[in-house]
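Chemist: fold the following for me, if possible:
(chains A and B)
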Protein chains: 2
Amino acid sequence: MKVLRINVRTKTVVAEEVPQNWQRLGGRGLIARILLDEVPPKCDPLGRYNKLIFANGFLSGYVLSSCDRISIGGKSPLTGGIKESNSGGTTGSQMARLGLKALILEDLPEEKGFGVIHISKQGVVFDDANSLVNLGTYETTLQLRSKYGKKAAMALIGPAGERQLFSACINNLDTDGRPSRVSGRGGLGAVMGSKGIKAIVFDGYGEKMDPPFDQVLFAETRKQFTQSLLNNAQVAVWRDYGTAANVAITNMLGCFPVNGFSAGRMENSNEISGEKMRELLLERPAPANPTHACMPGCVIRCSNVFGDDKGNEIVAPLEYETIGLMGGNLGIDSLDTIGKMNWYANDLGVDTIELGATIGVVAEAGLIKYGNVDQIFDCIQQIYQNTPLGRILGSGASLAGKILGVKRVPVVKGQAFAAYDPRGLKGTGITYATSPQGADHTAGFTMRAKVNHQDPIANVPLSRQTQINTAAVDSLGACLMVSAAFASSTSMLKNLLHSIHGWDVTENIQQEMGKEVILMEREFNRGAGFTEVDDRLPEWLSDEPLPPTNVVFDVTNSAIETIFNDI
Amino acid sequence: MKVLRINVRTKTVVAEEVPQNWQRLGGRGLIARILLDEVPPKCDPLGRYNKLIFANGFLSGYVLSSCDRISIGGKSPLTGGIKESNSGGTTGSQMARLGLKALILEDLPEEKGFGVIHISKQGVVFDDANSLVNLGTYETTLQLRSKYGKKAAMALIGPAGERQLFSACINNLDTDGRPSRVSGRGGLGAVMGSKGIKAIVFDGYGEKMDPPFDQVLFAETRKQFTQSLLNNAQVAVWRDYGTAANVAITNMLGCFPVNGFSAGRMENSNEISGEKMRELLLERPAPANPTHACMPGCVIRCSNVFGDDKGNEIVAPLEYETIGLMGGNLGIDSLDTIGKMNWYANDLGVDTIELGATIGVVAEAGLIKYGNVDQIFDCIQQIYQNTPLGRILGSGASLAGKILGVKRVPVVKGQAFAAYDPRGLKGTGITYATSPQGADHTAGFTMRAKVNHQDPIANVPLSRQTQINTAAVDSLGACLMVSAAFASSTSMLKNLLHSIHGWDVTENIQQEMGKEVILMEREFNRGAGFTEVDDRLPEWLSDEPLPPTNVVFDVTNSAIETIFNDI
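Modeler: Purely as a prediction, here's the structure:
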């Protein structure tokens, strides 16, 4: 494997050996190391000292189910701290097949304008992309696929990324070529936009990986791995209902976001539930499909194609976080409407979580009304039109709250909560507060743990341990949903790493790896100016009871601030 | 002297004895102590835990020339850190005559709407002010003076403060009753707006102060103090040309802000110089007047009434910082135009420095052109109309830069530079970087020191010492311009404090007081999450040479970060 380093100003391309201290790091962990080694933590995230990094996990490229996620990272314009955002789709596996452990984009272009970087075994080519400027990601993808072929993986930005809006994401293609597998959080699309890159084509389809170190052990472990996924009851729920299964659970717990996080249970939440989605997609004609694989070889297939009753695709996939933030949070109780909003967000290239939270802030400011579909679609059009309000909407909930004078803003470190009210799901609230990534459910998701989710004490060690486990999973290129497989056998991860890379690691490897990642990330954030007081939720969550359970967030600051002291 | 504590939610009023540890603190220093004692540093600046504090200096109320400035403070919504902003006018002296060392506004109102607080020796009265909502400060002042009389002092906010815009200021009345003596920096008008207070009337005119502790020594020292001001050559320059005298000096040094801090010398700067202003005001009919006292008894009279050639008042006063930020920085070379912009800023209740810098950011984003007067006035109208762009404009340069995708933003800790480019005036640049107050020339102004202003080493101790001296001056209620008087005699300040308060202090009191203030302010900021990396200028100032001298900001981070280590 190599590290490919591209300077967007000089257009210099260098393929380097992997430095010694990067070799046993991957994905999220490798991004943290590269940022610590090469990026001044206090730099302007959209300035010339920041870097945009694509990093593969340890397991990517070997057609292990759900283990080809691509980690993308850099210093976040949204949080001002470290950022890794990983995504399914085809980027991870094709990048691995190109022999790339990491791709690092450096510097800023001297002139305005956008380019495409095409990477294949034959080398790196810079193409002009100015004809793609202002095009949404769907049209851009059509044009890129017509030029570069239908098999290549691609990572691209929409108008939001070009305009360096802080909620801009980077869209990766799914197995059918839709630009809908999104590295959503933290505004990395703006970093890509600052570097003048509209798309990167990873033309690695059909290229061969080096064989695993121990092919016999690998085949055996892979089989065991796949089987453990197929045997897992939760996996079956994901396959049937997708992540939208969470709608029923969060409503039961009272932590579903409703009308700007002002309630935790939605009256007609069944209209936007996983059960409702499955029912619709089973009765609607193709392409509607309640189950779909976002990565080649995935046996979980939690994704879906959300089609309408006339056989048109609305969006694919439609996921829980989007349903929460663009549905409940905005008072919208129609999956069709949410699906359309999702399509626009993908097309603009903005994070649906951040945009849903930000539209909530605009409603909170009184500029629109919760549940008013026309006004909400008008907000989305303002982003396309790049109006001042559109720029506010594309800049994320934190900035929008400051500009519009709204105090009830659901953010930590400038990044919006996912679709779990931290008052009703305190472990995940603690994760929001303390993750070096800013408010992010995937950084330490506690909802499936057997704990009283409103207990202010028991959820502290739970969040801590979940964050450590997750930091390791994010370094493997693995989907969070395969955590169950690693947990099913103490030797599984050890054997995978040995059989692929020849490494001799202990059965404690996941724990060790996760701690190392979090320590590196916290070191970067300290350099960027973060202190323990940044590890807090906004004060209104301690003051305002959440109906109908009327809980507040009552985890003490000292418990939160010391969570990683003894890591 | 008492501390008056008003809860805006319960409308409880309590007059308290001054606590022991507050007694030898005043103005800026007292604000720091109160914030440390009573306000959680991490609180939402516009939330219920922040407090708005009015604090008198040690010397206020005794008709000492230029020593009746009022310090207003709280946690700043603009910087997220400590904020003290002091102003001339009549508030300081009348508050002193009411026997108030400090006024503390607490909590948030339960309902929307605005009130007026009337304070006299008879007590505190809450009046409804909802008929004043959306009125500019000039019209508001007319109505308040017609209701409460023409002699009372007042501190009030305009529409910007009501709307909690982060560049909102608090306007105090000058000796003629204009709302133009402004506590401008840091968005304290938004804090007052959050507390639902449109105006505070300090009805202390004609009330008697307690006599000084040693009347003979006081009379003698006051005479010496006044004489030292009258003898000072610089004071004569201020009297004739006002602060606008700086236009010629900064242009000579190459540190005048031109077109968004892209050059340090303006071709036709003589059109907006102090000399030009004096020439105009001498030839124009009354009320035009090149010299005017902002506080009763001030012998410096650096203020002015800027009238047009038909005998109409445009604005009073017109000062250097406004000429720099709204003139040079926006490519405007007409004092009449700048004067009109200044009037609108006062009327809206926004800081002219912050607004000038923010309009520069809007120009940098390409939404308007430098020098286009119509577009600039349209920007100002957008703030009145409370449009999304108007809210961006009222939110300060830092947020505007983030929303509009501008990298060349002249701020530290979220607050805009004053009218000195830090590359050409490095001592003041170091002050911008390291002052706990955010970028603020008054916190440690080095331009009159005999030093090479481009020397990256010699300016570090200069800034440090100037910041310490200034922190003391700001605690006295004294104008920066009287520093020369304190420096003229080692016993002057000691004798003033002894003769007024009976305190026995050393001749080193200014140094001791200044250090104590800066240490307290840094302690509050640490609690709010600031670290040494917040003590830096934006990176573009190190990368981009400033024409015509082509200097960059090359003071090392380590020199800056350790500036107060041995304080």
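Chemist: so after the worst-scoring helix or strand of chain A on mean pLDDT, what's the next helix or strand?
Modeler: Between all helices and strands in chain A, the lowest mean by mean pLDDT, DSSP states H and E belongs to helix A:483-488, at a mean of 87. Counting by DSSP states H and E, the next helix or strand C-terminal to helix A:483-488 is helix A:492-501.
Chemist: restricting to C-alpha, output that next one in CSV.
Modeler: Presented in CSV, the C-alpha positions along helix A:492-501 are these (Å, rounded to 0.1, in the frame of the first residue of the first chain):
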residue,chain,number,x,y,z
MET,A,492,-12.2,-12.7,15.4
LEU,A,493,-10.5,-9.4,15.0
LYS,A,494,-7.1,-10.7,16.1
ASN,A,495,-7.5,-13.5,13.4
LEU,A,496,-8.7,-11.1,10.7
LEU,A,497,-5.7,-8.7,11.3
HIS,A,498,-3.3,-11.6,11.4
SER,A,499,-4.7,-13.4,8.4
ILE,A,500,-4.7,-10.2,6.2
HIS,A,501,-1.6,-8.3,7.4
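Chemist: list the contacts of it.
Modeler: A:58-59, A:62, A:64, A:212-215, A:217-218, A:220-222, A:224-225, A:228, A:476, A:485-486, A:503-507, A:509-510 (C-beta atoms under 8 Å, 6 or more residues apart in numbering or on different chains). Where C-beta positions appear, they are placed from N, C-alpha and C, glycine not excepted.
Chemist: restricted to helices, list those residues.
Modeler: Among these, DSSP state H puts A:215, A:217-218, A:220-222, A:224-225, A:228, A:476, A:485-486, A:509-510 in helices.
Chemist: which of the residues you listed sits closest to residue A:78?
Modeler: residue A:476 (25.1 Å; C-beta to C-beta).
Chemist: tell me how far that closest one lies from chain B.
Modeler: 32 Å (C-beta to the nearest C-beta, to the nearest Å).
Chemist: that residue and residue A:28 touch, don't they?
Modeler: No. The criterion here is C-beta atoms under 8 Å, and residue A:476 misses it with residue A:28 at 9.1 Å.
Chemist: for these two, indicate the residue with more neighbours.
Modeler: Using other C-beta atoms under 10 Å in any protein chain shown as the criterion, residue A:476 and residue A:28 rank with residue A:28 on top: 35 against 28.
Chemist: mind listing what that one touches?
Modeler: Residue A:28 touches A:55, A:71, A:73, A:84, A:86, A:471, A:474, A:475, A:517, counting by C-beta under 8 Å, 6+ apart.
Chemist: correct me, but the fourth one touches residue A:72?
Modeler: Think residue A:84. Yes. At 7.2 Å, residue A:84 counts as touching residue A:72 under the criterion of C-beta under 8 Å.
Chemist: which neighbours do these two share?
Modeler: The contact sets of residue A:84 and residue A:72 overlap at residue A:31 (C-beta under 8 Å, 6+ apart).
Chemist: looking at these two, which one has more neighbours?
Modeler: residue A:84 (31 against 28).
Chemist: and the more buried one, which of the three is it?
Modeler: strand (DSSP: H, G, I helix; E, B strand; the rest coil).
Chemist: and it, bridged to which residues?
Modeler: residue A:73 (DSSP bridges).
Chemist: ditto for residue A:416
Modeler: Residue A:416 forms beta bridges with residue A:411, as assigned by DSSP bridges.
Chemist: check contacts around residue A:412.
Modeler: A:432, A:433, A:438, A:439, A:534, A:535, A:536, A:537, A:538 are the contacts of residue A:412 under C-beta under 8 Å, 6+ apart.
Chemist: TSV please, covering those residues and showing distance to chain B, neighbour count and pLDDT.
Modeler: As requested, the contacts of residue A:412 are exported to TSV (distance: C-beta to the nearest C-beta, whole Å; neighbours: other C-beta atoms under 10 Å in any protein chain shown; pLDDT from 0 to 100):
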residue	distance to chain B	neighbour count	pLDDT
A:432	16	32	98
A:433	12	26	98
A:438	14	27	97
A:439	16	31	98
A:534	6	23	96
A:535	10	24	96
A:536	6	21	95
A:537	11	23	97
A:538	7	22	97
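Chemist: show me which of these is closest to residue B:450.
Modeler: For the contacts of residue A:412, the nearest to residue B:450 is residue A:534 (42.4 Å; C-beta to C-beta).
Chemist: okay then, goodbye and thanks.
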